[in-house]
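[1] got a predicted model here, sequence first, then my questions.
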Amino acid sequence: MSTLPLAVSRRRRRGVRHTLDMRVSPYAYVAPFFLLFCAFGLFPLLFTAWVSLHEWTLLSETQEFIGAANYTTLLADGYFWNATFNTLSIGVLSTVPQLALAIWLAHLLNRRLRFQTLFRVALLLPNVTSVVAVVVIFSQLFGRDFGMINWILSWFGAGNIDWAAGTATSHIALSVMIMWRWTGYNALIFLAAMQAVPRELYEAATLDGASNFTQLRRITIPMIRPTMIFVVIVSTIGAMQIIAEPLLFGQSSGGGGGVATGGPDRQFQTLALFVYEQGFANSTFDFGYASAASWLMFVAVVIVAGINFLITRKVKGGLV
Amino acid sequence: MKLRYLTLTAVAFFSAFPLYYSVVVASRHNSALAEVPPPLLPGGNFFANVARVFDTVPFGLALVNSVVVAGSISIAVMFFSTLAGFAFAKLRFRGKNVMLVITVATMMVPAQLGIIPLYMLMVKLEWTGTNYALIVPALVNAFGVFFMTQYLTRALPNELLEAGRVDGCSTWGLFWHVVLPTARPAAAVLGMLTFMSAWNDYFWPLVVLTPDNPTVQVALSTLASGYVNDYVLGLAGTAIGTLPLVAVFALFGKQIIGGIMQGAVKG
């Protein structure tokens, strides 16, 4: 008789454990992501704002609160505005042609096609290549004296272009590297969206005598608009943060200048590279100043991404 | 029709040519760079150049570090993403939809802008210069969680889970015996994608590591930024640091591309 209460309590205990399992397990399973994001994603981003209000360097023991002083210095800093201009210039030069080309390539692939897999693998090959490899390879191709690109251009009567030296030429060279690495990837993303567009729409349009280009403009683009918005925003955010390409290009093109200046005349220093220079590559290790630049960059990213969102949403076409 | 194949072939050529050309240069002597027209076929100097790479930077150590870092990140991402994907796809709990939306939204956070506090955090934890600084922040990411959620919603039959429950499985038991086997194909693709991006990661390792204990990408950038511009040396390093990955990709290209496109559809 004495075993009965024990059995009940064991059953109840199992019941409690079951309820606990059902209630708590789901949260425990998603917790690692949220904890990690808060610790290494969200917290650093927010803490940047706090650091930016201080005189704060890697080496100093104490940090003095200086209010908005870093920001006022920054807004008067010509190098900061130079970096802002370069970021926008390289961003536009690399993103606009890239996305147009990606949509067109996806359109070409979105048919029954022989060697479909082969083409897709080839398109994604550059994306598997590391950014270091890309810049090393293209620095050679863009070389002033013995680069293959200048050699080809010389057939058309061009002289030896010193790609890294000029503002416009260095922006073009960097944009080519970025485009080479990302066009195929974005084409595949667009292709995935295009495959969800009903075939009948194209068949009907063909019967109506719509050209290939008209079909792309009037059917495909309106139908994949959500994906376009997504890709445009992600590309914008990526373009605003470009850093590895100019950093490496400055080192491997041998033009001189500091480690992170983006060329001797800062002709291709981007905002992210400016932040890196102030925080890590400068003898002052000025974390406060670099954080202020980071935070302004964050604001800029949000503004530019927002503008692009509104523009992309407005892209018209429509089926009627 | 002809034009389409012609265009795509041209694009495929431009995608592959720079990689091919890097091997050509890497297999020659520096003097070949000055030749006009430039050489278009590989020479016989490749292994001599690779040996120079190992003499110039600690490339063996870099390879070990990269394998350890990319390997542990991939395994962790596969595991935690499947776990969270299971919860989001098949379990009921309050706040689930909001949490999933937040997860997707975090993909748009420009996390690189928090790099200074992140570095300060690593200094506090005394992880600078170690692989922990690379591995721990990357143990799981929003893309992986979203990717596995998508897959498990589609591929994991509810009946299977119910049957498991009837047999007395706990939630963890279900995960272990039912979810993991089902998730394997998608998790493998996720693992490969993660491995590639971890292997290729450059900026964060550059900030937090030192040149004497580098990953492959950091070692390559040291090579490339040498005082004398030795392109052959840089490209030889690039070839051995990149080509294994490219080869793996060419082998599993179909699956990897399928994975990228699947993750994208509802993005």
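    Nice, thanks for sending it over. Numbers count the residues shown, from 1 in each chain, chains lettered A, B, ... in the order given.

[2] check contacts around the nearest residue to A:Gly184 once chain neighbours are set aside.
    Nearest residue to A:Gly184, sequence neighbours excluded (C-beta to C-beta, 6 or more residues apart in numbering or on different chains): A:Leu123, at 3.3 Å. Yep, even glycine has a C-beta here, placed from its N, CA and C like the rest. The neighbours of A:Leu123, taking C-beta atoms under 8 Å, 6 or more residues apart in numbering or on different chains as the test, are A:105, A:183-184, A:187-188, B:11-12, B:15.

[3] now do stretch A:39-55: everything it contacts.
    A:63-71, A:287-288, A:291-292, A:294-295, A:298, B:106, B:109-111, B:113-118, B:120-121, B:136-137.

[4] swap in 7 Å and give it another go.
    With contact meaning C-beta atoms under 7 Å, 6 or more residues apart in numbering or on different chains, stretch A:39-55 is reached by A:63-67, A:70, A:287-288, A:291-292, A:294-295, B:106, B:109, B:111, B:113-114, B:116-118, B:121, B:137.

[5] among these, which ones are in strands?
    Assigned to strands by DSSP state E, the following of the contacts of stretch A:39-55 qualify: A:64-65.

[6] and the closest residue to chain A within chain B, how many neighbours?
    Residue nearest to chain A within chain B: B:Gly114 (3.0 Å; C-beta to the nearest C-beta). Neighbour count of B:Gly114, defined by other C-beta atoms under 10 Å in any protein chain shown: 26.

[7] repeat that for B:Pro37.
    By other C-beta under 10 Å, 8 other residues sit near B:Pro37.

[8] residues in contact with it?
    So B:Pro37 contacts A:Trp151 (C-beta under 7 Å, 6+ apart).

[9] can we see that at 10 Å?
    Under the criterion of C-beta atoms under 10 Å, 6 or more residues apart in numbering or on different chains, the neighbours of B:Pro37 are A:148, A:151-152.

[10] now name the helix or strand holding the residue nearest to A:Gly184.
    helix A:116-128 (DSSP states H and E).

[11] and that helix, how far out from the chain's middle?
    Centroid separation for helix A:116-128 versus its chain: 20 Å, with C-alpha atoms, centre = their mean, to the nearest Å.

[12] repeat that for stretch A:179-193.
    Worked out by C-alpha atoms, centre = their mean, stretch A:179-193 lies 13 Å from the chain centre.

[13] what's the answer for stretch B:156-168, then?
    34 Å.

[14] quick one: the helix or strand B:Gly237 falls within near chain A?
    In the assignment (DSSP H and E), B:Gly237 maps to helix B:231-265. Yes. Counting by C-beta under 10 Å from any C-beta of the partner chain, chain A is contacted by helix B:231-265 at B:231-235, B:237-239, B:241-243, B:245-254, B:256-258, B:260-265.

[15] buried subset of the residues you listed?
    B:231-235, B:237-239, B:241-243, B:245-246, B:248-249, B:252-253, B:256-258, B:260-264 (16 or more other C-beta atoms under 10 Å in any protein chain shown).

[16] how about the CA coordinates for stretch B:235-245, as CSV?
    What follows is stretch B:235-245, C-alpha atoms only, in CSV (Å, rounded to 0.1, in the frame of the first residue of the first chain):
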residue,chain,number,x,y,z
LEU,B,235,49.0,34.4,-57.1
ALA,B,236,50.7,31.1,-56.1
GLY,B,237,49.3,31.6,-52.6
THR,B,238,46.0,32.5,-54.0
ALA,B,239,45.9,29.3,-56.1
ILE,B,240,46.6,26.9,-53.2
GLY,B,241,44.3,28.9,-50.8
THR,B,242,41.4,29.2,-53.2
LEU,B,243,41.5,26.3,-55.7
PRO,B,244,40.6,23.5,-53.2
LEU,B,245,37.4,25.3,-52.4
